[in-house]
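Colleague: Sequence and predicted structure below; questions after.
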Amino acid sequence: MARRDQRYRLPRNWIVIPLIVYTIVFSIISMLIALSMELFSGYMSSLKARTELDNTQYYVLVYDTLCQEDLVVARNHLIENCTYEFFITDKDMNVIYPKDKELTLTKNTDEEEKEKRFSVASIRFSEEETDFEGTGFNFTIGEEVKYYPDKETGYVNISDDTIVPDLMKILSADGLFKDIMVNGGQYVTPYWIAFEVNNGTEKLLFKTYAAYSREDFVYFALYFALTNLIADSVFVILVVNLIRTHKNNRKMRKLVFKDNITGDRNWFWFAMKSKELIKKRKGNTQYAVISLVFVRYRNYVLCHSLDAGEEILRNIVNTIDVYLDKGEICAYSTTSNFPILLKASSEEEVRARLEKIIKSLVILGGNHDFKFQAGVCMIDPKIRKNADIDLLYNNASSARMTLEDSSDNGIAFFGEKLVEDEKWIDKVTERQREAIEAEEFKVYYQPKYDPRTDELMGAEALIRWFSDKMGFVSPGQFIPIFESSGFITEIDDYMIRHVARDQKRWIDEGRKCVPVSVNVSRAHFAETNLADQIRDIVDEEGAPHDLIEIELTESAFFDDKKIMLTTVRKLKEYGFLVSMDDFGSGYSSLNSLKDMPLDILKLDAGFFRSESDDDGRSKIVVSEALQLARKLDMITVAEGVEEKEQVDFLAKEGCSMIQGYFYAKPMPKEEYELRLVAQKAESAPEEKPEET
Ligand code: C2E
Ligand code: CA
Ligand code: CA
């Protein structure tokens, strides 16, 4: 079941989740690229800034030393000869020198001043710890250094602990051409370095420049463009691919669910949808699975055309659809097979609805005699989740197949009885071969007596099965199964062989033998050389042909008349007796009597059942039948005669033989041998049971 369940699980057609995942992943990648850009440009800036730091630091050291020594003249000299634009301020950054100029740096807020230590591209300085962690730079500086962006240009962003050139600003037309293009084609961006000097009472501020060459920008630009291009291309490719796969999947789904003939839904769709409906059904809604078949569809196609046939199939689906409510479905599966899922609380309800549907479908046929058969499997209300739709449909189909013998409209329900019947059929079919090989089948003989003289005139060989595994099995329990499986032909041959063998032995033992009739199934008559087969078997056993009678059941005469006639003629030619069994049980076979040169007419037991003898009508029919047979030169046998009164009546009407419990039940051959010896019926018929 678990594996069958897998069958109806289509791979999920995800799109939203992968899209979200892709977007998140690519946002992260873009952020990483931007971050790496910042790190990269920061790193480059830091290299440049280092030089400036080195240079300015020299002035700071000298200035500070001169301050300590109170060498004002030397200090002033130094200041005047400094190559940097610089300011001396007090600790609050109020300009001390040069008085006439304005300090153009952007001050940090007080909070930031206190908290932040500035460094160059992650090179961190502190008063005590001066070693750079990681890349080998080594500064020795006692003062605290701070950086400030230049107020006027602002091309450098001084963030937490890095100097980062604001590339966009630098590259913007305004910045690029206005005032930063100096020094032989280099782009320079001003920023300020501030040192605390003179015991923290003053600050030295130098205007320095981060210089970038054209190549720097080309590298930046290339790096940025390339990484983004790669990332964006991958993103676009993945998304396009995802959308394409999604579209294809949708197309595939449609194809998987579509039936090409009716253009409607197929079995796969039906199974998936049914499972879903059964699972989600509300409260106590009960469902029934139906297998509806358009009987003799193939014949319709043969007589008309495939196109016409398929047109009908389409109309059938459409007609059924009209009768379906919400939550009910129908599809087209294999040839002329329509699975339907109906809501129904009882078998009666399903029957009523199906009858309506079938009625409309029959009308579709117009002048054609359309027939429909349906098998129904009511779904246990407890089944909700794991509904095994294959099994349920199989059950419905099994129920439908019980109707197959008839070609009329019909509805059959699946139930325990059907399961048991099927199991029995399976058991019998499974055992048949070993049973015949182990000779589990025994021949029983039922004598036939002349009602006027009580003389033994013949017998019918009837099969009995004493199974090792199943005990005694009566013919009614296995003959129909063998008939439909075709195994009956072997059984018939087996019986003919054993009867011929017995007859031969009895002759050899010097007994007076009477003809024994053997039943030959109508299924056997499809074989054109049946008469030869029978003759060969009898000859192999060495029995005289006139001691073997072949019984053909009345209904067999409705099959292929030509083959039947040929076979009957041949059998007669070979010297066998031929009888028509069960005369009067089915449709009138008077026509066959006219055509077939039969020897014996066996009146069906039905004539002699007490309930059928109303107002003596049966008697009239029997009497007439006997007269007719006599006129046709046929011997007559009355079957199933149990009453003395019936025997007397038949004797009076000139019936040749009686085969019935009145005289004898079918008996094992040892017992029959005693009858052969006696030749005459005992005056009082025995009442003992036939067999175990
Ligand atoms: P059938 O050929 O019509 O055989 C006569 C059946 O009527 C036998 O049932 C027999 O026991 C029963 N019968 C005879 N007289 C009386 C009577 O007075 N009262 C009642 N109630 N029954 C009576 P059986 O042996 O159970 O066979 C049933 C059917 O099975 C046969 O009907 C025949 O169609 C089939 N059959 C039996 N043996 C063979 C066989 O070897 N080959 C084939 N192909 N069919 C066989
Ligand atoms: Ca018979
Ligand atoms: Ca019969």
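Modeller: Done, it's in. Ligands and ions are numbered 1, 2, ... in the order given.

Colleague: Residue 374 sits in which helix or strand?
Modeller: Here residue 374 sits within strand 371-378, counting by DSSP states H and E.

Colleague: Show the average pLDDT along stretch 106-114.
Modeller: Across stretch 106-114, the average pLDDT comes to 59.

Colleague: Over to stretch 282-301?
Modeller: 90.

Colleague: Render the CA-only coordinates of that stretch in CSV, please.
Modeller: Taking Å, rounded to 0.1, in the frame of the first residue of the first chain, the C-alpha atoms of stretch 282-301 are listed here in CSV:
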residue,chain,number,x,y,z
LYS,A,282,-16.9,16.3,5.8
GLY,A,283,-18.4,14.6,8.8
ASN,A,284,-20.1,11.4,7.8
THR,A,285,-20.2,11.9,4.1
GLN,A,286,-19.8,8.4,2.6
TYR,A,287,-18.4,7.7,-0.8
ALA,A,288,-18.7,4.8,-3.3
VAL,A,289,-16.3,4.0,-6.0
ILE,A,290,-17.8,2.8,-9.2
SER,A,291,-16.5,1.0,-12.2
LEU,A,292,-18.8,1.7,-15.1
VAL,A,293,-18.3,-0.1,-18.4
PHE,A,294,-19.8,0.5,-21.8
VAL,A,295,-20.5,-3.0,-22.8
ARG,A,296,-19.6,-4.2,-26.3
TYR,A,297,-17.8,-0.9,-27.1
ARG,A,298,-15.5,-2.8,-29.3
ASN,A,299,-18.4,-4.1,-31.3
TYR,A,300,-19.7,-0.6,-31.8
VAL,A,301,-16.3,0.4,-33.1
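
Colleague: Could you pull out the buried residues of that stretch?
Modeller: 286-297, 300-301 (16 or more other Cβ atoms under 10 Å). Where you see a C-beta, it was placed from the backbone N, CA and C, and this is true even at glycine.

Colleague: Who are the contact partners of the residue of the stretch 201-350 of the chain found nearest ligand 1?
Modeller: In the stretch 201-350 of the chain, the residue that lies nearest ligand 1 is residue 295 (27.4 Å; Cβ to the nearest ligand atom). Residue 295 sits next to 336, 370-373, 407 when contact means Cβ atoms under 8 Å, 6 or more residues apart in numbering.

Colleague: before we move on, back to that, could you give the separation of the helix or strand following the strand holding residue 374 from the chain centroid?
Modeller: Using DSSP H and E, the helix or strand that follows strand 371-378 in sequence is helix 389-401. Centroid separation between helix 389-401 and its chain, computed with Cα atoms, centre = their mean, to the nearest Å, is 15 Å.

Colleague: mind saving the C-alpha coords of helix 389-401 as PDB?
Modeller: C-alpha atoms of helix 389-401 as PDB (Å, rounded to 0.1, in the frame of the first residue of the first chain):
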ATOM      1  CA  ILE A 389      -8.000   3.600  -4.300                       C
ATOM      2  CA  ASP A 390      -6.500   0.900  -6.500                       C
ATOM      3  CA  LEU A 391      -7.900  -1.800  -4.200                       C
ATOM      4  CA  LEU A 392     -11.300  -0.100  -3.900                       C
ATOM      5  CA  TYR A 393     -11.500   0.200  -7.600                       C
ATOM      6  CA  ASN A 394     -10.400  -3.300  -8.000                       C
ATOM      7  CA  ASN A 395     -13.300  -4.400  -5.700                       C
ATOM      8  CA  ALA A 396     -15.700  -2.300  -7.700                       C
ATOM      9  CA  SER A 397     -14.400  -3.900 -10.900                       C
ATOM     10  CA  SER A 398     -14.700  -7.400  -9.400                       C
ATOM     11  CA  ALA A 399     -18.300  -6.700  -8.600                       C
ATOM     12  CA  ARG A 400     -18.900  -5.500 -12.100                       C
ATOM     13  CA  MET A 401     -17.300  -8.600 -13.600                       C
END
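
Colleague: Check which helices and strands the next helix or strand along the chain from that helix sits against.
Modeller: Of the helices and strands lying after helix 389-401 in sequence (DSSP H and E), the nearest is strand 410-413. Contacts defined by 3 or more Cβ pairs under 8 Å, 6 or more residues apart in numbering; DSSP states H and E place strand 410-413 against helix 347-364, strand 371-378, helix 389-401.

Colleague: Show me how far the longest one is from its chain's centre.
Modeller: Pointing back at helix 347-364 there. That offset, for helix 347-364, works out to 28 Å (Cα atoms, centre = their mean).

Colleague: for it, which positions count as buried?
Modeller: 350-351, 353-354, 357-358, 361.

Colleague: what do you get for stretch 377-392?
Modeller: Quick answer for stretch 377-392 (16+ other Cβ under 10 Å): 377-379, 387, 389, 392.

Colleague: just stretch 192-199 next, same as before
Modeller: Here stretch 192-199 shows 192-198 as buried, counting by 16+ other Cβ under 10 Å.

Colleague: just to revisit the earlier point, as TSV, the buried residues of stretch 282-301 with distance to residue 243 would be great.
Modeller: Shown next, in TSV, are the buried residues of stretch 282-301 (distance: Cβ to Cβ, whole Å):
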residue	distance to residue 243
286	43
287	38
288	42
289	38
290	41
291	41
292	41
293	43
294	43
295	48
296	49
297	43
300	46
301	44
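
Colleague: quick one: residue 457 is in a strand?
Modeller: Yes. Residue 457: assigned to a strand according to DSSP: H, G, I helix; E, B strand; the rest coil.

Colleague: could you list every residue that touches it?
Modeller: 448-450, 514, 656-657.

Colleague: Just among these, which is most surrounded?
Modeller: residue 448 (28 neighbours; other Cβ atoms under 10 Å).

Colleague: Tell me the first helix or strand C-terminal of the longest helix along the chain.
Modeller: The residue-count maximum for a helix in the chain (DSSP state H) belongs to helix 16-69. Next along the chain after helix 16-69, taking DSSP H and E as the criterion, comes helix 72-81.

Colleague: Distance from that next one to the middle of the chain?
Modeller: Using Cα atoms, centre = their mean, the offset of helix 72-81 from its chain centre is 96 Å.
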